[in-house]
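In: Sharing a model that was predicted from the sequence below.
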Amino acid sequence: MFQLGKTIVSEEVIKKDFVCNLSACKGACCIDGDAGAPLDKEEIEMLEAIYPKVKPFLREEGIKAIEEQGTYITTEEGELETPLINNADCAYVVFDENEVAMCGIEEAYNQGEINWKKPVSCHLYPVRVSDYTEFSAVNYHRWQICDDACELGKELGVPVYKFVKEALIRKFGEDWYMELEKVAKTF
């Protein structure tokens, strides 16, 4: 691990390779697991504001889950997350013609309906950020459903930090990312 400003970064973010392979995994990260996408406090206000414009892009089941649970939920541990459909799919997930899970929020963004791409935790994946009082921990999250993404990343020679460049800049800023690139050259 190494420190960049007020972040502690796992070397795996630089050393591991990763490129999403949606044709292989079918977007399993949006429908597998036992929790919704982690949200920042600022994002809950954004979800509430954009929901009317995102709603037309969602599935009936997602709309029902959001209308019953809200645009976000607070877990027993006080964590903020997207709601789930029957404790499985993210309520914001939609499927394309090939049954690949996609983000309804991102689809509304792609269609020019909103100017917010999606929760930063989704945009950053497979990077996970844990915020602490004094610093934020930036880690690579290994999940078996992403084995094909690891293989594709290795084949293409794309390290995790380059794959999620836009999201890292969104989260930490351009200067932080430029410093990360400098550190990466030392490995």
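Out: Here it is on my side, so go on.

In: where's Thr7 relative to Val183, distance?
Out: Taking CB to CB, to the nearest Å as the measure, Thr7 and Val183 are separated by 11 Å. C-betas here are computed from N, CA, C, even on glycine.

In: Neighbour count for these two, which is higher?
Out: Under the criterion of other CB atoms under 10 Å, the comparison of Thr7 against Val183 puts Thr7 first, with 19 against 16.

In: show me the contacts for that one.
Out: 135-138, 172, 176 (CB atoms under 8 Å, 6 or more residues apart in numbering).

In: Among the residues you listed, which lie within helices?
Out: Assignment to helices by DSSP state H places the following of the contacts of Thr7 there: 172, 176.

In: Just the buried ones from the contacts of Thr7?
Out: Neighbour-count burial (16 or more other CB atoms under 10 Å) is assigned, among these, to 136, 138, 172, 176.

In: for this protein, which helix is longest?
Out: The chain, longest helix under DSSP H: helix 41-54.

In: What is whatever helix or strand comes next after it packed up against?
Out: Following the chain from helix 41-54 toward its C-terminal end, the next helix or strand by DSSP states H and E is helix 60-69. Other helices and strands packing on helix 60-69, by 3 or more CB pairs under 8 Å, 6 or more residues apart in numbering; DSSP states H and E, are strand 84-85, strand 89-90.

In: how far away is the residue at minimal distance from the centre of the chain from Glu179?
Out: Compute the mean C-alpha point of the chain, and by CA atoms, centre = their mean the closest residue is Cys122, 1.0 Å away. When CB to CB is applied, the distance between Cys122 and Glu179 equals 24 Å.

In: For the residue nearest to the centre of the chain, which non-adjacent residue is closest in space?
Out: Distances taken as CB to CB, 6 or more residues apart in numbering put Ala37 closest to Cys122, at 5.1 Å, once the chain neighbours are dropped.

In: right, and the one you found touches Thr82 too?
Out: Yes - with contact defined as CB atoms under 8 Å, Ala37 reaches Thr82; the gap is 4.5 Å.
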